[in-house]
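Undergrad: Based on what follows, work out the 3D shape:
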Amino acid sequence: MDQKPAFTEPKYRLILFFVTALFMLWGIAITLGDVLNRHFQNVLHISKSHSGLVQLSIFGAYAVMGIPAGLFMKKFGYKKGILLGLFLYAFGAFLFVPAADAVSFDFFRIALFILACGLATLETVAHPFVAALGDQRTSDQRINFSQAFNGLGGVIGPAIGSYFILKEGQIHSNDLIGVKNLYVVIGSVIALIGILFLFVKVPHLTHAHNEQIDYEGTAEKKQVEKKLIHHKHFIFAVIAQFFNVAAQGGTWAYFINYGHEIMHLSDEKAGYFFSLSMIMLIVGRFTGTFLMRYIAPYRLLSIFAAANIVMCLIVAQGAGWVSFIALLFINFFFSIMFPTIFSLGLKNLGGKTQQGSSFIVMGVIGGGLFPPLMGLIANHDIAAAYYLPIICYIVIFLFGYGYPRLAKPN
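TA: Have a look, this model is predicted:
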């Protein structure tokens, strides 16, 4: 009887710990963008659809940086790829100082774009890196485990943003000084982490995805030479990731607005509920990682997508606490989607795994295009705007449901 593959190997534990910490760092940055979305509405006096350009600046960077980051990683390796990502992250954070001094929304968008180029680089490198730290058959579990700490960053981001930026009654709640000070601290911390990572030794890796694995999870020692475009499961993964992050970007961008307009909460309290929803995301990722031991990842993905269709229908009714609790639960069911789509899309790509990672990261542009569209509806009815993500979850459901046929070797 075949022995179950290990989660990882002892020699990879330290580097897995460090790379997993990076997942938390970009989780903080992504969700802080949603706090900035609301703050810029108040301070810079812009509409919801206009403030949605914050998400376009962040996720648009993923479309621009995805392929260059993959090429850089292929030429210079995982470690230098991570160092490049940390440098861009820190540099973008420090640019918040002149942006705040200029009181310029466009300047802030430039700073966010550069910062997000760092996030895109980190994501492009970290996902195949984590996948390589052990057997391919457990890559779904490792990526979901690491992504759980991305969720922890998602809790920390809106919590510190709500306290230092949205908190009522504090000196800088109605200006940009608090934003500037917060991002100086963030930039300094990221720069320090980059310096520390210089001294971390990265072991030699033979990428696990060089082995072919069928949709039942049986490894085969067959080298895959097909072009990326001929991998149907990979093409659908890029599409699914586009709609997945579109749903995420729209849901998160207007969460605080929903809490304020439907539940009549202060922006600060709505921000804390946003942090609570990110705790739901963490619980969902650990729960999903456990369930994947018994339920195939693609099947669990389709189940969670169907659940979120129901949640969005409830949220769109604007029915007080019932709808608000459903809004919280969207993150629970959303939890496994990004890492699972990523991992399923990378399977069987062999030597094209790193290139494939770049294209899947580029699918994140959906998170930039969707919030302004939701904002056009949210300008008139914040609850009705949550009908739009249903389209996204239908696509994700179809990807999970059809994955066995898409991934089956020809």
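
Undergrad: Please enumerate the helices of the stretch 201-350 of the chain.
TA: 232-253, 255-261, 267-291, 297-315, 320-334, 337-346 (DSSP state H, counting those that start in this stretch).

Undergrad: and the ones you listed as TSV, adding distance to P404?
TA: All C-beta spots, glycine's among them, are computed from the backbone N, C-alpha and C. Compiled in TSV, these are given as follows (distance: least, C-beta to C-beta, whole Å):
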stretch	distance to P404
helix 232-253	9
helix 255-261	34
helix 267-291	18
helix 297-315	7
helix 320-334	21
helix 337-346	11
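
Undergrad: just so I know, which of those helices lies nearest D135?
TA: Nearest to D135 among these is helix 337-346 (12.6 Å), distances taken as C-beta to C-beta.

Undergrad: mind saving the C-alpha coords of the helix or strand just after the closest one as CSV?
TA: Per DSSP states H and E, helix 337-346 leads on to helix 353-362 as the next helix or strand towards the C-terminus. Extracted in CSV, the C-alpha atoms of helix 353-362 (Å, rounded to 0.1, in the frame of the first residue of the first chain):
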residue,chain,number,x,y,z
THR,A,353,5.5,25.8,-13.9
GLN,A,354,7.2,29.2,-13.2
GLN,A,355,5.9,30.6,-16.4
GLY,A,356,2.4,29.3,-15.6
SER,A,357,2.6,31.0,-12.2
SER,A,358,3.2,34.3,-13.9
PHE,A,359,0.1,34.0,-16.0
ILE,A,360,-2.1,33.0,-13.1
VAL,A,361,-0.8,35.9,-11.1
MET,A,362,-1.8,38.2,-14.1
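
Undergrad: remind me which residues of the stretch 151-300 of the chain are low pLDDT?
TA: 167-174, 204-225 (pLDDT under 70).

Undergrad: Pick the most deeply packed of the helices of the stretch 201-350 of the chain.
TA: helix 337-346 (a mean of 28; mean count of other C-beta atoms under 10 Å).

Undergrad: Quick one: neighbours of D140, just the number.
TA: 27 (other C-beta atoms under 10 Å).

Undergrad: Just confirm it contacts M292, I think it does.
TA: Yes. With contacts counted by C-beta atoms under 8 Å, D140 reaches M292, the gap being 5.8 Å.

Undergrad: do you know how far V64 is from D106?
TA: To D106, V64 is 17 Å away according to C-beta to C-beta, to the nearest Å.

Undergrad: Between these two, point out the one with more neighbours.
TA: V64 (15 against 11).

Undergrad: and that one, what does it touch?
TA: C117, A120 (C-beta atoms under 8 Å, 6 or more residues apart in numbering).

Undergrad: Check the secondary structure at it for me.
TA: The assignment at V64 comes out as helix when based on DSSP: H, G, I helix; E, B strand; the rest coil.

Undergrad: And the one 10 residues further on, by the same measure?
TA: Under the three-state scheme (three-state DSSP), K74 adopts helix.

Undergrad: ok, the closest residue in space to it that isn't next to it in sequence - how many residues close by?
TA: Counting by C-beta to C-beta, 6 or more residues apart in numbering, Q354 is the residue found nearest to K74 once chain neighbours are left out, at 5.2 Å. Other residues lying near Q354 total 24 when counted by other C-beta under 10 Å.

Undergrad: What separation is there between Q354 and T20?
TA: According to C-beta to C-beta, Q354 and T20 sit 19 Å apart.

Undergrad: for the helix or strand hosting I190, the distance to its chain's centre please.
TA: Assigned by DSSP H and E, I190 belongs to helix 177-197. Offset of helix 177-197 from its chain centre (C-alpha atoms, centre = their mean, to the nearest Å): 20 Å.

Undergrad: contacts for that helix?
TA: 18, 25, 28-29, 36, 39, 79, 82-83, 86-87, 89-94, 96-97, 99-101, 160-161, 164-165, 170-172.

Undergrad: Have a look at this structure and report its longest helix.
TA: As assigned by DSSP state H, the longest helix anywhere in the chain is helix 13-43.

Undergrad: how much does that one deviate in direction from helix 337-346?
TA: On the basis of axes from the mean of the first three to the mean of the last three C-alpha atoms, to 10 degrees, helix 13-43 is oriented at 130 degrees to helix 337-346.

Undergrad: May I see the buried residues of helix 13-43?
TA: Residues of helix 13-43 classed as buried: 15-16, 19-20, 22-41, 43 (neighbour count, 16 or more other C-beta atoms under 10 Å).

Undergrad: repeat for stretch 106-116
TA: Neighbour count says stretch 106-116 has F107, F108, R109, A111, L112, F113, I114, L115, A116 buried, by 16+ other C-beta under 10 Å.

Undergrad: Now render those as JSON lines, adding pLDDT and distance to N181.
TA: Formatted as JSON lines, the buried residues of stretch 106-116 follow (pLDDT from 0 to 100; distance: C-beta to C-beta, whole Å):
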{"residue": "F107", "pLDDT": "94", "distance to N181": "17"}
{"residue": "F108", "pLDDT": "93", "distance to N181": "15"}
{"residue": "R109", "pLDDT": "93", "distance to N181": "20"}
{"residue": "A111", "pLDDT": "95", "distance to N181": "14"}
{"residue": "L112", "pLDDT": "94", "distance to N181": "17"}
{"residue": "F113", "pLDDT": "95", "distance to N181": "21"}
{"residue": "I114", "pLDDT": "96", "distance to N181": "19"}
{"residue": "L115", "pLDDT": "96", "distance to N181": "16"}
{"residue": "A116", "pLDDT": "93", "distance to N181": "21"}
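
Undergrad: Among those residues, which are located in strands?
TA: Residues of those located in strands (DSSP state E): none.

Undergrad: List just the nearest of these to F243.
TA: The closest of these to F243 turns out to be A116 (C-beta to C-beta; 19.5 Å).
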